[in-house]
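> Give me coordinates for this.
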Amino acid sequence: VQLQASGGGLVQAGDSLRLSCTASGRTFSRYAMAWFRQAPGKEREFLALVSWTGASKYYGDSVKGRFTISRDNDNTVYLQMNSLKPEDTAVYYCAADMDNDYATFDYWGQGTLVTVSS
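The predicted model follows:
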């Protein structure tokens, strides 16, 4: 069972980037999926969550209105990031919530680095 995050890179402030998280080893279509990030010296921060149906989405205050989470039927979750700021620089992780309680996350991807230059 593995989650593979990809799509990170170096961009300039104001640019957009789309992260992908692909699941393998089992189907994650019945699980809520989320994105988190962790910047150097800071705690992990919740960014966004999408329910297993895709009908409900939740966002952290710092990214609301700029980031959009979505999922498809092929075990992939996306995070569209617009109007990026230098403070968005962090390692971004995807996670799967098997219980759909939106509180505990059972599987984590390895992280993909996003660097936003000013």
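> all contacts plus neighbour counts: C-alpha atoms, from now on.
Will do.
> Please, which helix or strand holds residue 114?
strand 112-117 (DSSP states H and E).
> who does that strand touch, helix- and strand-wise?
If you count contacts as 3 or more C-alpha pairs under 8 Å, 6 or more residues apart in numbering; DSSP states H and E, strand 112-117 packs onto strand 9-12, strand 90-97.
> Could you give me the buried positions within stretch 111-118?
Residues of stretch 111-118 classed as buried: 111-117 (neighbour count, 16 or more other C-alpha atoms under 10 Å).
> circling back: off-centre distance for the strand holding residue 114?
Relative to the centre of its chain, strand 112-117 is centred 13 Å away, using C-alpha atoms, centre = their mean, to the nearest Å.
> by how many degrees do that strand and strand 90-97 diverge?
With axes from the mean of the first three to the mean of the last three C-alpha atoms, to 10 degrees as the criterion, the two stretches strand 112-117 and strand 90-97 enclose an angle of 140 degrees.
> first to last residue in stretch 59-75, what's the distance?
As for stretch 59-75, its first-to-last residue distance stands at 21 Å under the measure C-alpha to C-alpha, to the nearest Å.
> Of all residues in the chain, which one is nearest the centre?
For the chain, the residue lying nearest the average C-alpha position, counting by C-alpha atoms, centre = their mean, turns out to be residue 35 (2.6 Å).
> Is it correct that residue 104 is in contact with residue 95?
No. No contact is recorded between residue 104 and residue 95 when judged using C-alpha atoms under 8 Å, the distance being 9.5 Å.
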